[in-house]
Every structure is written in structure tokens, then in C-alpha cells.
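# the following block contains a protein sequence and its predicted model.
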Amino acid sequence: MISLYIKEKRFESFELIDIPVEIKKGEATLLLGHNGAGKTTIIKSLFGLLNINGNVKLDDHKICFQLQGDVDLFKKNMAYIPDDISLLNYLTPMEYFDLVQSSFNQSENKEFLNQLIRIFELDKYLHIPIIQLSHGNQKKTQIVSQLCRKSEYVVFDEPTNGLDPDMIIILKRVLGKLKSQGVGILLSTHNLDFGQELFNRLIILRDGKIIINMNREEVEERFTGLSLEEVYRGANKEYYQYIEEIINDMDHSSSTENRNSKNYT
Ligand SMILES: Nc1ncnc2c1ncn2[C@@H]1O[C@H](COP(=O)(O)OP(=O)(O)OP(=O)(O)O)[C@@H](O)[C@H]1O
């Protein structure tokens, strides 16, 4: 299991306080929250990219990001697919996959890589510089380059951004399969349909605070028969009431009349 505990992380106008996040092998933890809720800050903290008051543990071992041995151990176990695409653009996808696989001692796992290439339909683009690929194919290259590492855990920030409907459906299926083979997944997404099928633990954030932290059984018991969208709306009830009042007061027709009367009188 990977666990992160943030006792406190403060920026000038934002703070995360008392945040526990766990990723268990064979399970998916789903992180939901509005823009600016703190999801990426949590993921960066997990990877030791931010100084936090808190800790990261791999099973019972507390990771010290200043120790090379701990960093190597952590990197070997964790794949990270960030929201933005950052690849070596002058390489071709195949050169990039070879580089990543050899860096993580996975060069002999060519069959697994070939399966991923076929699943994500990258066969046609393997020998074209990444910079010349469409955004979606760059995203797929990024996904395959991390999954081909065969790490024990995968952290995905906005996995569906830029993917077409086929690929979203297929990625969901692939993550389900990896989960069933023991891979632990952390998923941060705004795509509720994507998260709905996959999650074993649900964490919902609002303004840096956890408002829901439940396993799937607890969610199903408390919100029986509701979709994830309904659960999310229910957890953020006051916010949606406030927005609903504003929407109810909106009057597009009168503003148009005012504009017209200004123009023509
Ligand atoms: N380096 C930084 N310095 C100051 N504030 C920061 C810094 N990084 C993030 N923040 C602030 O922390 C808050 C949470 O940002 P974060 O990127 O974690 O949100 P998010 O939930 O990932 O949002 P989104 O869904 O828009 O990606 C925001 O208010 C952001 O402005």
C-alpha cells in the first residue's frame, strides 16, 4: 500500500489540512474536486515534489525523498501520468518506449508493450517524431510509456483529457484489468462516468478539505442507488443550491431587450 498523510500544506491563499490518501494494491482510489480543490497538490506531495508537513509511506516504510535509495525504490514502484503531456518530442514513440523500458529494467517485456501499442492504436505512429503527432496520440504515447513500466502503482491526473470516446472506454477497460491483476491506482478526474466504474475508495475535496472519504461499500450504503454525479452533487449540496439560485435569477431575454432598446432609440 502507498499512503500519504498531509498534516498541513499552506500556500499564500490556499491550505490543505489533515489529508490522508491511501492506494491499495488491486484497488482504485478516486480523487474528485472542483478546480483548485487541491488534487494536483496532493499528487505532487505524494511524489515528493512539494515540501509538506506530513509523510509518504510505501507499506510500512517511510519514504525520505532526500535519500537516493528511497527515491529509487519509490520511482520503481510508481508510474505517474500527469495532466500535461511532457515527452521528449524529437524522439519517435518507439524510441521513447525503449528509453523508458530500459530505464526501468523492463526491456524484456516487449510483448506487454506490443499489446499496449495495439490496444491504444499507436502502430501507425511508432516511427514518427512525437512532435508531429496529434494531441490525442501524444496523450496515448504518454499513457503507454508509463503503463509499459509494469509498476505496482499508477497515478493518473486527468486520464481522459484529449482522448476520443473509443479510447476513454478502452482505457477504463485496461485500468480495470490492471486492477484485477493487483495494480494500485490513484485517479484524479473530472470525468465522473469514467471514475464511477473503477473506484474502490472515493475522496471528494472542497477548498482543500476532505468532505467524503469512503470505500465503495460505504458509498453504496449511504447513497443507495445514486450515480456518482448524484453523490458528488449531494456532497456539495450547499454549493449547488447557491448556484441554482443564481441560475434561476438569470434573465437573458430582458438583457437582450435592453440592448435592443439602447441601440434603436
Ligand atoms: N506553487 C503554488 N503557489 C501558490 N499556490 C499554489 C501553488 N500551487 C497550487 N497553488 C494553489 O493551490 C490550490 C490548489 O491547486 P491544485 O492545482 O492542487 O488544484 P486542482 O484541484 O488540481 O485543480 P484543477 O482541477 O483546476 O487542476 C489553488 O488555489 C492553487 O492556486
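Cool, got the structure.

# bridged to residue 80, which residues?
Counting by DSSP bridges, residue 80 is bridged to residue 155.

# touching, it and residue 47? I think so.
Yes - taking contacts as C-beta atoms under 8 Å, residue 80 lies within contact range of residue 47: 6.1 Å. (Each C-beta comes from the backbone N, C-alpha and C, glycine too.)

# common neighbours of those two, please.
Common neighbours of residue 80 and residue 47 (criterion: C-beta atoms under 8 Å, 6 or more residues apart in numbering): residue 155.

# kindly report the residues of the stretch 1-150 of the chain close to the ligand.
11-12, 14, 33, 35-41 (C-beta under 6 Å from any ligand atom).

# ok, of those, which one's closest to residue 132?
Distance to residue 132, by C-beta to C-beta, is smallest for residue 40 among those, at 28.6 Å.

# OK, contacts around the closest one?
83, 157, 188.

# could you do residue 216 as well?
199-202.

# in JSON lines, list these along with neighbour count, secondary structure and pLDDT.
JSON lines is the format used below for these (neighbours: other C-beta atoms under 10 Å; DSSP: H, G, I helix; E, B strand; the rest coil; pLDDT from 0 to 100):
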{"residue": "199", "neighbour count": "23", "secondary structure": "coil", "pLDDT": "97"}
{"residue": "200", "neighbour count": "18", "secondary structure": "coil", "pLDDT": "97"}
{"residue": "201", "neighbour count": "20", "secondary structure": "strand", "pLDDT": "98"}
{"residue": "202", "neighbour count": "24", "secondary structure": "strand", "pLDDT": "98"}
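
# which of those residues sit farthest apart?
200 and 202 (8.5 Å).
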